[in-house]
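A.B. asks: Sequence and predicted model, in that order:
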Amino acid sequence: MLASIITFVLYIVVLIAIGVITYLRAKSYSDYTLAGRSNNKWVAAISAESSDMSGWLLMGLPGAAFAGGFSSIWIMIGLIFGTMINWMYVANRLRIATEVYNVYSITEYFEKRVNDKSGSVALVSGIAIIVFMIINASAEIIGSGKLLNATFGLDYSTGIVIGLVIVVLYTFLGGYMAVSWSNLFQGSIMFIALLFVPLAVLVEIGGYQPVVESLWRQNPAFFQFLNGETEFFPALSIALGGLGVGLCYFGMVHVLTCFMSIKNSSEIKDSTFIATTWVSISTFGAVLVGMIGAYLFPSIGDPEQIFFAMGKNYFPSYMLGLFAAAVMAAILSSVSAYVIVAAAAFGANIVKHYAAEIDDSKIVNLQRAAVVVISLLAFLMSLKSDLVFAVALLAAAGLGSSFGPLVLFCLYSRNVNKTGAISSIIVGLVTVIFWYYSGLSAYIFELIPGFIASSLALIIGTKIGGGADAETVAQYDAYLDRLNKNKRQG
């Protein structure tokens, strides 16, 4: 146990060291909010995907594969294609657009893109981001409590406090620069763990054949992509529920922020390959962990702890700290991203707009204070729920439907205005919440109706608002000119 504790403590020390180093480098508002647009292709790609996948990758997804078998592969496909399409069709345009509009957060971009001088777009989008980032962070903090309880026997509440203190410390110090570099480190740990662990366990138990034979005898539907469903609508619901996860990506503000932070748009092509490869291998490993776990631990009380169970039963005890570090890396990489993005929404949009005389150094200090407050709110919420997968999916659906259509329309259409933007955010948010709490999510993933409703609201709202004005169109054309210039330069 001592060796495991030492390993885990070393992992924490590295995170704090990153926080201290980046604190010394992050001198400006741009540095703290967007790492000064200095991230290279590796940092941007792995930081984006590790913060996106979160503790759900090592807990929720194996749990889904444990319960659903091959039907969970729909989720994996949705994640892979969602990642690839987002990098291919959003990353480059957003990186160029945010530089042309001279903005450092996604909500600042929305505000300038629709030429809103009233501050209403910043206010509505900022509040929505803060709410969903708190929900996301609380889901991950729940995971840290489970992790430290399962690994070291700590009380659940103590576990979530420890996780919270770690992430607040390095995020408070270095801002987005600390988040980016710590996520490169943590994403690498996650990738290695999900590549190595299932393969090592398969070798230990004699290969895949005994797993397949045993699970087939118990439940042949485990190996069916539609989980044995023969009725059209239940089968369609399973497929769309998995594939629909990919729609989340267009509105994942913490991932979009990674696109904005990359140093040079010419590196995005390489980042696309890195990110897609990382997601493909990591999600396959997570699904494999869940399926092997269904064979090894069929009566496990909490399927989300399969990864821990493998560590305890099939690896030397001194490696337990490495398993804890892998899962905590998945958790903290996301919590830090959620918290800093929410703090940016507060500092860069709400405070900066409504207190225009505040200089950048004071805004950074206010963002640091927001990091602490937002983390505490997430902690309080985490005390009321212990179902990581459901909470994380609800928040992801909220982000995807509230911001996904708006991001796409802003990047690909001239005709977007303030009325359309606000309508899109509100309708997407309300639809997801209604769909989830009405129980309709049992039939179709709430993101899909939310995304459709948000898109329609944007189109109708823009039309009601009279379309885009001449200044908005001129700014959009300047962005298109820069985009086309970059394409010509290769």
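C.D. replies: Yep, it's here. Numbering: from 1, shown residues only.

A.B. asks: Please count neighbours and contacts with C-alpha atoms only from this point.
C.D. replies: Noted.

A.B. asks: which residues in the stretch 51-200 of the chain form helices?
C.D. replies: Along the stretch 51-200 of the chain, counting by DSSP state H, counting those that start in this stretch, helices occupy 60-68, 73-86, 92-100, 106-113, 120-152, 156-205.

A.B. asks: you'd agree residue 215 is up against residue 295?
C.D. replies: Yes - between residue 215 and residue 295 there is a contact under Cα atoms under 8 Å: 6.3 Å.

A.B. asks: Nearest the middle, which residue of this protein would you pick?
C.D. replies: The centroid of the chain falls nearest to residue 52 when counting by Cα atoms, centre = their mean (2.5 Å).

A.B. asks: That residue and residue 253 touch, don't they?
C.D. replies: No - Residue 52 lies out of contact with residue 253 (Cα under 8 Å); the separation is 9.6 Å.

A.B. asks: can you redo the helices of the stretch 51-200 of the chain as a markdown table with mean neighbour count, distance to residue 220 and mean pLDDT?
C.D. replies: A markdown table is the format used below for these (neighbours: other Cα atoms under 10 Å; distance: least, Cα to Cα, whole Å; pLDDT from 0 to 100):
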| stretch | mean neighbour count | distance to residue 220 | mean pLDDT |
| --- | --- | --- | --- |
| helix 60-68 | 26 | 12 | 89 |
| helix 73-86 | 22 | 16 | 92 |
| helix 92-100 | 21 | 45 | 96 |
| helix 106-113 | 24 | 47 | 93 |
| helix 120-152 | 24 | 31 | 82 |
| helix 156-205 | 22 | 21 | 88 |
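
A.B. asks: Quick one: residues contacting the residue nearest to residue 76 when sequence neighbours are not counted.
C.D. replies: Counting by Cα to Cα, 6 or more residues apart in numbering, residue 76 lies nearest to residue 283, which is 6.0 Å off, once chain neighbours are set aside. The contact partners of residue 283, by Cα atoms under 8 Å, 6 or more residues apart in numbering, come to 57, 61, 76.

A.B. asks: nearest residue to the first one other than its sequence neighbours?
C.D. replies: In space, and not counting its chain neighbours, residue 57 is closest to residue 286: 6.4 Å by Cα to Cα, 6+ apart.

A.B. asks: The one you found looks like it's in a helix, true?
C.D. replies: Yes - checked against DSSP: H, G, I helix; E, B strand; the rest coil, residue 286 lies within a helix.

A.B. asks: Per-residue confidence, it, what does it come out as?
C.D. replies: On the pLDDT scale, residue 286 is placed at 94.

A.B. asks: Could you check how far it is from residue 149?
C.D. replies: Going from residue 286 to residue 149 by Cα to Cα, to the nearest Å gives 21 Å.

A.B. asks: Repeat that for residue 188.
C.D. replies: Distance, residue 188 to residue 149, using Cα to Cα: 24 Å.

A.B. asks: Quick check: which element contains residue 234?
C.D. replies: helix 232-243 (DSSP states H and E).

A.B. asks: what does that helix rub up against?
C.D. replies: 71-79, 226, 229, 443-445.

A.B. asks: and if we set it to 6 Å?
C.D. replies: 74, 75, 78, 226, 229, 443, 444, 445 (Cα atoms under 6 Å, 6 or more residues apart in numbering).

A.B. asks: so the helix or strand following it versus helix 73-86, what angle?
C.D. replies: Following helix 232-243 in sequence order, the next helix or strand is helix 253-261 (DSSP H and E). Calculated by axes from the mean of the first three to the mean of the last three Cα atoms, to 10 degrees, helix 253-261 forms an angle of 30 degrees with helix 73-86.

A.B. asks: Residue 444: what secondary structure?
C.D. replies: coil.

A.B. asks: So what's the residue count around it?
C.D. replies: Using other Cα atoms under 10 Å, residue 444 has 22 other residues around it.

A.B. asks: excluding its backbone neighbours, what's nearest it?
C.D. replies: In space, residue 444 is closest to residue 237, 5.3 Å off (Cα to Cα, 6+ apart).

A.B. asks: Check residue 441 too.
C.D. replies: In this structure, residue 441 finds its nearest non-sequential neighbour in residue 435, 6.1 Å apart by Cα to Cα, 6+ apart.

A.B. asks: Look at the one you found and say how many residues are nearby.
C.D. replies: Neighbours of residue 435 under the rule other Cα under 10 Å: 19.
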